[in-house]
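Enquirer: Kindly generate the corresponding structure for this input.
(one chain, ligands or ions: 2)
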Amino acid sequence: MLRAFLDWLRSLFFAKELDIACIGLQNAGKSSLVTVLTDNHFTEEMIPTVGFNLRKIQKGNVIIKVWGQPRFRSIWERYCRGVGAIVWVLDSADASTFPTAQAELHALLDKPELRGIPLLVLANKNDLPDHATVDEVIKALALTTITNREVSCYSISGESTRHAVLGNRALTDMLAATLSSAKSSRNIDITLAWLMKRA
Ligand SMILES: Nc1nc2c(ncn2[C@@H]2O[C@H](COP(=O)(O)OP(=O)(O)OP(=O)(O)O)[C@@H](O)[C@H]2O)c(=O)[nH]1
Ligand SMILES: [Mg+2]
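Expert: Residues are numbered from 1 along each chain as shown. Ligands and ions are numbered 1, 2, ... in the order given. A predicted model of the protein is given here:
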């Protein structure tokens, strides 16, 4: 039933025209997440994206560009220009990466060319023990200090989905207290629906 609904949502989503940049630090789960979005398929053997580390996935009218390798972070900005949405993937179970993630995310969003592009933060891997809660992620990435765009933070869990609205901050969209787990592929519908609204 859920599967049928997701397939239906995917068919709607991929019929729209949308350019998405999916970025984040290495090992965050970008490739896994994109695989789940496009195929509803999770592969444990997902290998690190190598080489130029730009993976372009096209399905229907939707193009998703995926990056991660640090040595190419300087060119992220160029490829983010003009996209309909920036999706930042975070490994919510690895707090040691949060400071670097915050610095890189803010450095990217500070680029004038990227002003106004909606940001979706997906805190992935919340099926793992000791993953950060969405409030912790919002704090760790200083999401409330981002003022020049719509910001959302989703966490998807197999167990529970909790929604929180961050008052009158500059965040115009709901900051949904959910983290995404590409592994469980639960609540991927929320992610698809969010992206669909930006197409
Ligand atoms: N438990 C769990 N593991 C995950 C999840 N998503 C991804 N992983 C694992 O995390 C590792 C990295 O996943 P990738 O999808 O390759 O991450 P990436 O961000 O594309 O990594 P790079 O391409 O190296 O930048 C793999 O071992 C995945 O199996 C998740 O939701 N839960
Ligand atoms: Mg990858």
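
Enquirer: from here on, contacts and neighbour counts on C-alpha atoms
Expert: Will do.

Enquirer: Help me see whether stretch 80-89 makes contact with ligand 2, please.
Expert: No - using CA under 5 Å from the ion, we find that stretch 80-89 stays clear of ligand 2, coming within 10.8 Å at best.

Enquirer: contacts for that stretch?
Expert: When contacts are defined by CA atoms under 8 Å, 6 or more residues apart in numbering, stretch 80-89 is touched by residues 18-25, 28-30, 105, 113-114, 117-124, 195, 198-199.

Enquirer: buried residues in that stretch?
Expert: Neighbour-count burial for stretch 80-89, counted by 16 or more other CA atoms under 10 Å, picks out 80-81, 83-89.

Enquirer: which residues touch the helix or strand harbouring residue 102?
Expert: Assigned by DSSP states H and E, residue 102 belongs to helix 98-109. Outside helix 98-109, the residues that touch it by CA under 8 Å, 6+ apart are 24-25, 76-77, 88, 90, 114-115, 140-142.

Enquirer: Mind doing that once more with 6 Å?
Expert: residue 141 (CA atoms under 6 Å, 6 or more residues apart in numbering).

Enquirer: next structured bit after it?
Expert: With DSSP H and E, the next secondary element past helix 98-109 is strand 119-124.

Enquirer: do that following strand and ligand 1 meet at all?
Expert: Yes - counting by CA under 6 Å from any ligand atom, ligand 1 is contacted by strand 119-124 at residue 124.

Enquirer: Tell me the helices and strands packed up against that strand.
Expert: Under the contact criterion of 3 or more CA pairs under 6 Å, 6 or more residues apart in numbering; DSSP states H and E, strand 119-124 touches strand 85-91, strand 151-154.
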